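> 3D, please:
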Amino acid sequence: MIGYIRRAGKLFAALTALSLTLLVAPPRAEAALGGTEATVRADQTQMSMTLRTMPAARFTVHELRAPSGSTVREYVSPTGTVFGVAWQGPSMPDLRQLLGVYFDQYVDAAAARRTRRAPVLVELPGLVVHSSGHMRAFAGKAYLPQGLPPGVTAQEIQ
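Residues are numbered from 1 along each chain as shown. Modelled structure (predicted):
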């Protein structure tokens, strides 16, 4: 009987620890780039930003603003896919959040660069990322070349 109580106590302690870990750990929202338009709301919640939507003929821009002055723009094609993101402000946004499944490709390509002080320019067949700046003045953009809607150029992502 005592052995049973000890095992039950250990099981209870393990389940309690797991429950507390799940409650304390911040939730990870699905990232935006390459995701659906629904991921914009997840990004807004995850990064605690306000949302403004600007529909246009060839794509929709969802602009997220933080109280700190940082701005993130997410570009959504007529099919509902996020094909580009751009950012600017006093701090870098959570690129893991914005780049999602493309984040590891970005990190690997950025790590392979020769210089660490120059702006980051990653141009892979399925991913382009430009990022630059310094403390309190960051800017950049990322897009999926194959995801650009017809008639849209990379220069329109800003």
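
> give me every residue that touches the residue nearest the centre of the chain.
For the chain, the residue nearest the mean C-alpha position is residue 98 (1.4 Å; C-alpha atoms, centre = their mean). The contact partners of residue 98, by C-beta atoms under 8 Å, 6 or more residues apart in numbering, come to 31, 32, 33, 43, 72, 74, 85, 87, 142. C-beta here means a position set from N, CA and C on the backbone, and glycine is covered the same way.

> my read: the fourth one touches residue 72, true?
Yes - contact between residue 43 and residue 72 holds when scored by C-beta atoms under 8 Å: they sit 7.2 Å apart.

> mutual contacts of the two, please.
With C-beta under 8 Å, 6+ apart as the test, residue 43 and residue 72 both reach 49, 64, 98.

> out of those, which is nearest to residue 134?
residue 98 (19.7 Å; C-beta to C-beta).

> so how far is residue 32 from that closest one?
5 Å (C-beta to C-beta, to the nearest Å).

> pLDDT score for residue 93?
Note for residue 93: predicted pLDDT of 89.

> does it count as helix, strand or coil?
Secondary structure for residue 93, judged by DSSP: H, G, I helix; E, B strand; the rest coil, is coil.

> that one and residue 140, how far apart?
9 Å.

> low-confidence regions, this structure specifically.
Low-confidence segments of the chain (pLDDT under 70): 1-31.

> count the residues that sit near residue 76.
As a burial measure, residue 76 scores 23 neighbours (other C-beta atoms under 10 Å).

> just confirm residue 128 is within a strand.
Yes - under three-state DSSP, residue 128 sits within a strand.

> for it, which residues make a bridge with it?
On the basis of DSSP bridges, residue 128 is bridged to residue 123, residue 143.

> what is in contact with residue 93 and residue 140 at once?
The contact sets of residue 93 and residue 140 overlap at residue 87 (C-beta under 8 Å, 6+ apart).

> one step back: restricted to helices, list the shared contacts of residue 43 and residue 72.
residue 98 (DSSP state H).

> circling back to that earlier point, from residue 77, how far out is the residue nearest to the centre of the chain?
Counting by C-beta to C-beta, the gap from residue 98 to residue 77 is 17 Å.

> now residue 34
Here the criterion is C-beta to C-beta. By it, residue 34 lies 11 Å from residue 77.

> sweet, I'm off.
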